[in-house]
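Visitor: generate coordinates for the sequence data below:
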Amino acid sequence: MKEIILIILGAFAGAFSGILGIGGGLIMVPALVYIMNMSQHQAQGTTLAVMLPPITLLSAYIYYKAGHIDIKIAIILCVGFFLGSYLGGKIAVMLPGLVLKRIFGVFLLITAINMLLAKK
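Guide: Presented below is the predicted three-dimensional model:
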């Protein structure tokens, strides 16, 4: 049963990743914490492990074919993302789980408010 829930969660996160470009972490991290009873650290680490294979390759290809990807910007962002994710991972494992959970929640809340109040 647990495996079926995880497959459904993965499919849901993958679909929203492709539709909204959000990355599966926005869906997977809270779901792993509240549905699978993982700690915040476990949920974030597991979600990062999911991203290791070229998971978004197919949806990125579709966006590329439609002319919606600036390769130069993507490469530059990738370099920064690579370095930032290393530093962020080092910091995250040092934080208490509750602090990490609250930081994640505040990020989601601020993002949601900005999206809901957007003019365009």
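Visitor: correct me, but Met28 touches Ala49?
Guide: No. At 10.6 Å, Met28 and Ala49 do not qualify as touching, with contact defined as CB atoms under 8 Å. All C-beta spots, glycine's among them, are computed from the backbone N, C-alpha and C.
Visitor: so these two - more neighbours on which side?
Guide: Each of Met28 and Ala49 has its neighbours counted (other CB atoms under 10 Å); Met28 has more, 26 against 9.
Visitor: distance-wise, check that one relative to Gly105.
Guide: Distance, Met28 to Gly105, using CB to CB, to the nearest Å: 15 Å.
Visitor: one more: Ala60?
Guide: Ala60 is 28 Å from Gly105, by CB to CB.
Visitor: okay, the two: which has more neighbours?
Guide: When Ala60 and Gly105 are compared for neighbours, Ala60 comes out ahead with 16 against 12, by other CB under 10 Å.
Visitor: dump the residue contacts of the more buried one.
Guide: Ile69 (CB atoms under 8 Å, 6 or more residues apart in numbering).
Visitor: helix or strand: which one has it?
Guide: helix 57-65 (DSSP states H and E).
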